[in-house]
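Participant: What would the 3D arrangement of this be:
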Amino acid sequence: MVLVDTNIVAALFVRSAHTSAVQALRERDGVWRTEPFVLIEFSNILATYQRARYISPAMAQECLSRAQAFLRPHFLSVTHEAALAFAVQYRTTAYDARFLALADQLGSRLVTEDARLRAAAPDLTQSLAEAVALPP
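Facilitator: Numbers count the residues shown, from 1 in each chain. Alright, predicted model coming up:
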């Protein structure tokens, strides 16, 4: 089981500089846990890519559909109260705090390429490179 942030999910479904490492992470562990909010953030990424003409509308819909099918069976939610508490404690957005609260709840570290989030909560986060380098 691996806990992932939106930027890791995005690289799995839309080609980026991190796609190869993200695919390696998925091959190592096919059970990805995350907060349902990930689909809202991922939808924003897809909308941005579509507006920039990086992907087509059909591709955006396909990516979203595939992400939902892959992630939904392993969703875990945190309360709004927990997200608020973590946002205050770690001085992050409430969006990011949802993932931190989930990491704390699971006793796991969130895989994220968000350097500011890793700096704010190093005890609850790890980079993609760190996650891929860990023994299975």
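
Participant: drop to CA atoms for contacts and neighbour counts, all remaining ones
Facilitator: OK.

Participant: what helix or strand is the most far-flung residue of the chain relative to its centre on?
Facilitator: Residue distances from the centre of the chain (Cα atoms, centre = their mean) peak at residue 53, which lies 23.2 Å from the mean C-alpha position. Following DSSP states H and E, there is no helix or strand that holds residue 53.

Participant: And it, how close does it get to residue 111?
Facilitator: 28 Å (Cα to Cα, to the nearest Å).

Participant: Likewise for residue 70?
Facilitator: Going from residue 70 to residue 111 by Cα to Cα gives 17 Å.

Participant: Show me which of those two is the more surrounded one.
Facilitator: When residue 70 is set against residue 111 and neighbours are counted by other Cα atoms under 10 Å, the residue ahead is residue 111, at 26 against 15.

Participant: residues in contact with that one?
Facilitator: 2, 3, 4, 5, 8, 125, 126, 127, 128, 131 (Cα atoms under 8 Å, 6 or more residues apart in numbering).

Participant: again, 6 Å this time
Facilitator: 4, 125, 126, 127, 128 (Cα atoms under 6 Å, 6 or more residues apart in numbering).

Participant: what's the answer for residue 18, then?
Facilitator: Going by Cα under 6 Å, 6+ apart, residue 18 touches residue 11.

Participant: Make 11 the first number, not 1, from now on.
Facilitator: Happy to do that; since the first residue is 11 now, the last one works out to residue 28.
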